[in-house]
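J.: heads up, no residue letters with this:
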């Protein structure tokens, strides 16, 4: 049986990281304002890329805050989990742009670890997680994200199978 803190962690991470994908499908290009405003760094590459939108970040924070409340953890913890997950996602995008990888390309590990590890570390005490729990949840999120992404692709919710 999965302990409740691990269940809560997986649920919040799923909401935080899945909400932008669902929002993109629901709204299409509406409200898809790029987080970096299309600015380029000194290397001539975008800071994050066009696929990182204000719409996705807002969707993540709102949905995960409500999810936190519904799980009895409070809006604040849900919002914190989402904000730090989005920081992890932006970090991954920043690194991928520096590696000259196109937006929405797959970077195994880089696409899963920061967006799960960063928020788990930020919320570790509030969720009563040990460091071993954090490691286990990151591993579960890594595997689960790969499986769920393929499923969402087959259901035509995701544009790529990763």
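T.: Alright, I've got the coordinates. In this text, all values refer to a predicted model and were calculated from it rather than measured experimentally.
J.: check what pLDDT residue 152 gets.
T.: According to the prediction, residue 152 has pLDDT 78.
J.: would you mind listing the buried residues in the helix or strand hosting residue 114?
T.: According to DSSP states H and E, residue 114 maps onto helix 113-123. Under the neighbour-count criterion of 16 or more other CB atoms under 10 Å, helix 113-123 has 113-120, 122-123 buried. C-beta here means a position set from N, CA and C on the backbone, and glycine is covered the same way.
J.: ok, stretch 61-77 next?
T.: Buried residues in stretch 61-77, defined by neighbour count with 16+ other CB under 10 Å: 61-65, 67-68, 71, 73, 75, 77.
J.: first-to-last residue distance for that stretch?
T.: Terminal residues of stretch 61-77 lie 10 Å apart, using CA to CA, to the nearest Å.
J.: list the contacts of that stretch.
T.: When contacts are defined by CB atoms under 8 Å, 6 or more residues apart in numbering, stretch 61-77 is touched by residues 8, 11-12, 15-16, 19, 78-79, 81-83, 85-86, 123, 126-127.
J.: show me the helices in this protein, by range?
T.: Under the criterion DSSP state H, helices of the chain are mapped to 4-27, 54-70, 75-98, 113-123, 131-154.
J.: which residue packs closest to residue 102, ignoring adjacent ones?
T.: In this structure, residue 102 finds its nearest non-sequential neighbour in residue 49, 7.8 Å apart by CB to CB, 6 or more residues apart in numbering.
J.: max pairwise distance over the contacts of stretch 61-77: which two?
T.: Maximum pairwise distance among the contacts of stretch 61-77 (CB to CB): 20.1 Å, between 19 and 126.
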